[in-house]
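**Q** when you get a sec, could you give me coordinates for this:
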Amino acid sequence: MALDWLLAAPLPPAVPRQRLLYQRLRDAILCGRIAAGTRLPASRRLAAELGIARNSVMFAYEQLVAEACLVADRHGTRVAALPALAADSGRTHDRTLPGLSQRAAAAMQPEVGRDAETLPFAPGVPDLAGFPFRSWRASLDRAWREASTRQLGHTPYGGEPALRAALAGQLSTVRGFAVKPEQIVITGGTQSGLDLCARLLADSGDTAWVENPGYLAARAALNLAGLKVHAVAVDGEGLAPGEGDWQAHPPRLIMVTPSHQYPTGQVMSLARRLTLIERARAEGAWIIEDDYDSEFRRGGPALPAIYGVQHDAPVVYAGTFSKTLYPGLRIGYLVLPSAVADDFVRAAGQATRPGQGIEQAALADFIRRGHYTTHLRRMRKRYALRQRALRAALAAHPGAEVRVSGGEAGLHLVLWLPQERADVEVEARANRLGLGVRALSRYAQAPVRCNGLVLGYGNIDEAQIDGLVRRLRQAMAV
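**A** Below is the predicted model:
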């Protein structure tokens, strides 16, 4: 048979002849161009026909025999019987991939590109320029100097013991939790923690409640875990389920942001927290409390976390360092009731193979030495100044009839718009002007309707705020 076409096509640069022959023979066999059962020329003969060394042909044949593409015996070298992927008739074939699962497609949410996170007013971005590089670098250096070979592998179940202990002390001081290190599981951030809760505390097909409007990534994580997501409206006190929600959509998981509802900024009252605990207990449901930015509380002492209201409440507390340090750190944590902590830790260890042992050790050192508390204190003051400056700028410019809310904690405000100014249109104009605002309606599901802008102020300087608000007003002009 004539196989001179194997090397007749243009030769890629720096590809050895033996490798090229192997690749083209393999492709021809897999696509059916050389039929199953075809006997290939002897290595010496093919080498002569192609004008290459016999060793190159032998390399290609031996590799294809090892991959079961060829069969070599006393009858010669033949093409093995393999499923033909496509018949090669010299034309290009359109091949359709199966695509994502229906579950993944349903979880996809429209969102702005990652580049928008660096723009002024992008929500959820802390003051990256204020990060304590020197202190963090020193903690990293110490972690590397003291590292063992164990920390180069997977971290122990639950995370680095030093970080779990440091967090137990931090939460005891800041949030009043009486927790042991064994009740804490270190995660790869909030999303990773939600994924673990969805897989380990619920079964596929169970119902999970989310806030409406609410955190889009939470919906995605719960959907991808195979749960049925039910959106529950929020009011001035946070999540506000009616009797119809409890009867028609009994939950297994209830995802809430009670300290600073995302994105509206409402704070859940103590009475509603207690009611939620009792109803969840009666339904056999778990409450997932995302306390994503309670460290930046303003306007008086913070209400106790739902986790800390009752010692035996069915609550998992989720925290993160994305807002307090930097998003790329990708370290968060879950705090579990002692009754399920051991089982959850073991199951989580089977479900994931976490790493970042060095970074976890460095974070533990950073917390123990007081650098974390110092950084939070400094950032709390800085963010308070920025929020005041933003409120003042919004009130000073023409068209100040818009309403602002959500400043009790966190790193963003909500600017409510009149109905004649569609927030998605304002968002598009603002993005073209270099602003990273988010339309509030993107966080809501029907029948809930809301019209406003989510304005992050964590990563902008006070001196820039007045000019940025002028640009925002330009985008809002009808």
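
**Q** quick one: end-to-end distance for stretch 218-229.
**A** The first and last residues of stretch 218-229 sit 10 Å apart, counting by C-alpha to C-alpha, to the nearest Å.

**Q** for that stretch, buried residues please.
**A** Within stretch 218-229, the residues that count as buried by 16 or more other C-beta atoms under 10 Å are 218, 219, 220, 221, 222, 223, 224, 225, 227, 229. Every residue, glycine included, has its C-beta placed from N, CA and C.

**Q** now do stretch 376-391
**A** Of the residues in stretch 376-391, those buried (16+ other C-beta under 10 Å) are 376, 379, 382, 383, 386, 387, 389, 390.

**Q** next one: stretch 155-168
**A** 155-160, 162-168.

**Q** run the chain-centre distance for that stretch.
**A** 21 Å (C-alpha atoms, centre = their mean, to the nearest Å).

**Q** try stretch 181-191
**A** Using C-alpha atoms, centre = their mean, the mean C-alpha position of stretch 181-191 is found 15 Å from that of the whole chain.

**Q** which residues touch that stretch?
**A** With C-beta atoms under 8 Å, 6 or more residues apart in numbering as the test, stretch 181-191 has contacts from 155, 158-161, 163-165, 167-168, 193, 196, 217, 221, 290, 292, 318, 320, 322, 330-338, 341-342, 344-345, 348, 352, 354, 356, 360.

**Q** strands - which of the buried residues of stretch 218-229 land there?
**A** Taking DSSP state E as the definition of strands, the buried residues of stretch 218-229 contribute residue 229.

**Q** show me the strands in the stretch 1-150 of the chain, by range?
**A** 39-40, 70-73, 76-79 (DSSP state E, counting those that start in this stretch).

**Q** I'd like to know which of these lies nearest to residue 409.
**A** Residue 409 lies closest to strand 70-73 among the strands of the stretch 1-150 of the chain, at 67.2 Å (C-beta to C-beta).

**Q** now the closest one: buried residues?
**A** For strand 70-73, a neighbour-count test (16+ other C-beta under 10 Å) marks 70, 71 as buried.

**Q** cool, stretch 119-134 as well?
**A** Residues of stretch 119-134 classed as buried by neighbour count (16+ other C-beta under 10 Å): 119, 120, 121, 122, 123, 124, 125, 126, 127, 132.

**Q** average pLDDT for that stretch?
**A** For stretch 119-134, the mean per-residue pLDDT is 93.

**Q** contacts for it next, please.
**A** So stretch 119-134 is contacted by 116-118, 263, 322-327, 371, 374-375, 378-379, 382-383, 411-412, 430-431, 434-438, 454-460, 464, 468, 472 (C-beta under 8 Å, 6+ apart).

**Q** lowest average confidence, helix or strand, in the chain?
**A** Using mean pLDDT, DSSP states H and E, the weakest-scoring helix or strand in the chain turns out to be helix 102-107, at a mean of 67.

**Q** sorry, back to before: how about TSV for the strands of the stretch 1-150 of the chain, with distance to residue 59 and mean pLDDT added?
**A** Shown next, in TSV, are the strands of the stretch 1-150 of the chain (distance: least, C-beta to C-beta, whole Å; pLDDT from 0 to 100):
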stretch	distance to residue 59	mean pLDDT
strand 39-40	14	92
strand 70-73	13	92
strand 76-79	13	91
